[in-house]
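Participant: The following block contains a protein sequence and its predicted model.
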Amino acid sequence: MNPARLQASAGSALARPSVPPRRGVVLIVVLVLVVMIAFAGFGFVSEMTSEYEATRINGDLLQAQQVMASAESYLLAHVDRQHQPQEETSLESVPPESVNPFQAVTLTSLSDSATTIGTAPADTEWRFAVIRNLSAFDAQQQGTQAGGATEEIELLNNFEAFAVPEFGLLNESAKLNLGRVLYWDTVEPGRGRRALLHIPGMSEEAADCLLDWIDADDTPRPSGAEQNEYRQQQSSVVPRNGLPQALTELLLVRGVSRTAFLGSGETAEGSPSAGWEKYLTLTSAESTQGNPPKTVLNQLTLSDLADMEKDLAAAVSPDVARYVVLAVMVGVTSASESFESLPATNPLAVDLTSLPVVSVNAMLELPDLIDSSVVVNQPGNRQRVASPLRSDDPESLRLFARLEQLVTTVDTTLPVVRGRVNILLASEEVLRALTDDPAMASQIVQQRQSLSDDERHSSAWLLSRHVVDLPTYRRLYADMTTGGNVFTGEILVYRAVGGPFLRRKITIDAANGSARRVNWQDKTSLPLPLTLQQLEPQEELFAVD
């Protein structure tokens, strides 16, 4: 090869710049790896955070469920205590100066067995409240949603109407029992229909169809419907021909308006309406077993009368005790029958051993003892014994009220009696259905507000305060009560901060021995129709800084 060419080639090679080594690639690779590890770490942290939150939420939910179980046990124990003679606190009302046992009941700690009531706990502590009128708040909320912003402002301006819930359990005997309504309509055709028409939102078609739904026959009423009428509408629904399993089943009845049943949110007077749940029931009942047990007049034998008279003479009065014995043995005659020509005598003047042996009067009712007479046929002497219990004498009516606590004509072989209306607690609408007299129902509502504690144990105040006359009292007596042993309420479990909240409607039956839960309905999915501040005591709700 030419040396000159080699030299030129070597010179050109030396003239080209050298290429530096590519060391930055390693840095880029490392940076990418760091970013990927960082993202993996962030993902792991995010997943762990989500798992932690899920575990915490699930733990809170489990805690809330345990608080709900504690609330149910608390209510069962509270209802059971009402059967003890020394217990004087009413389920229906709590004195203003005392701590409300149904409001802001606080569990200080799930790990601490101590439970305090009415204290000011930390925001994270669990509480529960029992409310008996929460359906009214639901109706109010429905009305707000239906009416829009304008109605919401009007309801807020009228906040006092529903600012404070009614804490406690609702006695189901304050409502109209559908089973009793059907019984009324069977004994006196048309009475059940008239009773239902006193319920707000009830139409004639709805009343007839409702009765057709629960009666046992297939004959439709004038505006009613039985199986054939439902089938003509190609409906898969047919009447039950018995009492519904739940009150909401009435929504299947022809002619029943969903708005009327659930509550329109507003009554004719402009106040929120709770719907038929406020007025109708399927569960009202009361125990026939008194404490102490009552003597059943219609189940006595002649050999029992002497012991009964001795007990009644010591507890009421000797003449009333003797008259009760005479009424059981002979029977009574009403004051409308004329026995004025017969010589009158005092009950204690009658020699029981000289009376002919007769069977016990099985038709006697307690109001029959008032303003009545017993005609005594003794050898050669027929006399009239006037009752010492007079409807125009307040002292006599007090004795009658005392007598009611000792004797009864209710068949105690049956454990419960169902459907009687509590005249101390029933709304005016339910009382109208009971009496079929709006003026009388209004008088009952007005007069019961001023009753003494002694008067509240009996319905005799209806006579002493001239609310009803004696024939009306006798007609209504078997359908009235001042008691009741089935209660309902809605339990709210909540925390002031942090949630969750649970809502459950519960029915407690204490008519068959110890209190027990017979039904419950989970309403947690429904929106809470009030604020948590409304569940707190009033001094906290309206406190001014």
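Facilitator: Received it, and whenever you're ready, just let me know what you need. Residues are numbered from 1 along each chain as shown.
Participant: can you map out the strands along the stretch 401-545 of the chain?
Facilitator: 407-408, 416-418, 421-422, 480-481, 486-494, 502-509, 516-522 (DSSP state E, counting those that start in this stretch).
Participant: Pick the most deeply packed of the ones you listed.
Facilitator: strand 486-494 (a mean of 24; mean count of other CB atoms under 10 Å). No exception for glycine: its C-beta is placed from N, CA and C like everyone else's.
Participant: Quick one: closest of the strands of the stretch 401-545 of the chain to Val105.
Facilitator: strand 486-494 (9.8 Å; CB to CB).
Participant: other SSEs contacting the closest one?
Facilitator: helix 24-81, strand 126-131, helix 134-157, strand 170-171, strand 502-509 (3 or more CB pairs under 8 Å, 6 or more residues apart in numbering; DSSP states H and E).
Participant: For those, give me JSON lines that also has mean pLDDT and distance to Arg517.
Facilitator: Output for the helices and strands packed on strand 486-494, formatted as JSON lines (pLDDT from 0 to 100; distance: least, CB to CB, whole Å):
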{"stretch": "helix 24-81", "mean pLDDT": "85", "distance to Arg517": "6"}
{"stretch": "strand 126-131", "mean pLDDT": "91", "distance to Arg517": "13"}
{"stretch": "helix 134-157", "mean pLDDT": "52", "distance to Arg517": "18"}
{"stretch": "strand 170-171", "mean pLDDT": "94", "distance to Arg517": "15"}
{"stretch": "strand 502-509", "mean pLDDT": "93", "distance to Arg517": "6"}
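Participant: how about these, which one is nearest Gln521?
Facilitator: strand 502-509 (4.4 Å).
Participant: just to revisit the earlier point, save the helices and strands packed on strand 486-494 as a markdown table, and put in distance to Tyr494 too.
Facilitator: Below are the helices and strands packed on strand 486-494 laid out as a markdown table (distance: least, CB to CB, whole Å):
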| stretch | distance to Tyr494 |
| --- | --- |
| helix 24-81 | 8 |
| strand 126-131 | 6 |
| helix 134-157 | 13 |
| strand 170-171 | 20 |
| strand 502-509 | 8 |
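Participant: Out of the ones you listed, the one nearest Asp454 is which?
Facilitator: strand 170-171 (20.0 Å).
Participant: Excluding sequence neighbours, find me the nearest residue to Ile131.
Facilitator: Pro165 (4.5 Å; CB to CB, 6 or more residues apart in numbering).
Participant: Glu205 is nearest to which of the helices and strands packed on strand 486-494?
Facilitator: Here helix 134-157 is closest among the helices and strands packed on strand 486-494 (CB to CB), at 22.8 Å.
Participant: what's the closest non-adjacent residue to Gln65?
Facilitator: That would be Leu502: by CB to CB, 6+ apart, it lies 7.0 Å from Gln65.
Participant: For Arg382, grab the count of nearby residues.
Facilitator: Neighbour count for Arg382, taken as other CB atoms under 10 Å: 13.
Participant: For it, grab phi and psi.
Facilitator: Backbone torsions for Arg382, taken as degrees, to the nearest 10, come to phi -110, psi 120.
Participant: separation between the residue nearest to Gln65 and Ile131?
Facilitator: Distance, Leu502 to Ile131, by CB to CB, to the nearest Å: 13 Å.
Participant: Now do the shared contacts for the two.
Facilitator: Leu492 (CB atoms under 8 Å, 6 or more residues apart in numbering).
Participant: all strands of the stretch 201-350 of the chain, in order?
Facilitator: Using DSSP E, counting those that start in this stretch, strands in the stretch 201-350 of the chain cover 280-281, 285-287, 295-296, 333-334, 344-345.
Participant: quick one, which of these is nearest to Ile506?
Facilitator: Taking those one by one with CB to CB, strand 280-281 is closest: 14.4 Å.
Participant: can you tell me the average pLDDT over that closest one?
Facilitator: Taken as a whole, strand 280-281 has a mean pLDDT of 95.
Participant: so how far is that strand from its chain's centroid?
Facilitator: Centre-to-centre, strand 280-281 and its host chain are 9 Å apart (CA atoms, centre = their mean, to the nearest Å).
Participant: what's the pLDDT at Val187?
Facilitator: 93.
Participant: one step back: now the strands of the stretch 201-350 of the chain in JSON lines, please, with extra columns for distance to Arg517 and mean neighbour count.
Facilitator: Converted to JSON lines, the strands of the stretch 201-350 of the chain look like this (distance: least, CB to CB, whole Å; neighbours: other CB atoms under 10 Å):
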{"stretch": "strand 280-281", "distance to Arg517": "17", "mean neighbour count": "24"}
{"stretch": "strand 285-287", "distance to Arg517": "15", "mean neighbour count": "22"}
{"stretch": "strand 295-296", "distance to Arg517": "30", "mean neighbour count": "17"}
{"stretch": "strand 333-334", "distance to Arg517": "46", "mean neighbour count": "14"}
{"stretch": "strand 344-345", "distance to Arg517": "56", "mean neighbour count": "14"}
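Participant: For Asp509, find the nearest of those strands.
Facilitator: Among those, strand 285-287 sits nearest to Asp509 (CB to CB), with 7.1 Å.
Participant: The closest one: how far from the chain's middle?
Facilitator: Strand 285-287 sits 14 Å away from the centroid of its parent chain (CA atoms, centre = their mean).
Participant: any weak-confidence spans in this protein?
Facilitator: Within the chain, the stretches with pLDDT under 70 are 1-23, 83-99, 108-123, 136-163, 264-274, 334-341, 354, 356-362, 378-380, 538-545.
Participant: What would stretch 281-301 look like as PDB? C-alpha coordinates only.
Facilitator: This file holds the C-alpha atoms of stretch 281-301, laid out as PDB (Å, rounded to 0.1, in the frame of the first residue of the first chain):
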ATOM      1  CA  THR A 281    -103.300  -1.400  64.200                       C
ATOM      2  CA  LEU A 282    -103.400  -5.200  64.100                       C
ATOM      3  CA  THR A 283    -101.600  -5.900  67.400                       C
ATOM      4  CA  SER A 284    -103.300  -4.100  70.300                       C
ATOM      5  CA  ALA A 285    -104.000  -6.400  73.200                       C
ATOM      6  CA  GLU A 286    -103.900  -6.500  77.000                       C
ATOM      7  CA  SER A 287    -103.500  -9.300  79.500                       C
ATOM      8  CA  THR A 288    -106.500 -10.700  81.300                       C
ATOM      9  CA  GLN A 289    -104.300 -11.800  84.200                       C
ATOM     10  CA  GLY A 290    -104.300  -9.000  86.800                       C
ATOM     11  CA  ASN A 291    -101.800  -8.500  89.600                       C
ATOM     12  CA  PRO A 292    -103.400  -9.600  91.800                       C
ATOM     13  CA  PRO A 293    -105.800 -11.700  89.700                       C
ATOM     14  CA  LYS A 294    -109.300 -10.400  89.500                       C
ATOM     15  CA  THR A 295    -112.400 -12.500  90.400                       C
ATOM     16  CA  VAL A 296    -114.400 -13.400  87.300                       C
ATOM     17  CA  LEU A 297    -118.000 -13.000  88.200                       C
ATOM     18  CA  ASN A 298    -119.400 -15.000  85.300                       C
ATOM     19  CA  GLN A 299    -117.200 -18.000  86.300                       C
ATOM     20  CA  LEU A 300    -118.100 -18.300  90.000                       C
ATOM     21  CA  THR A 301    -119.900 -21.100  91.600                       C
END
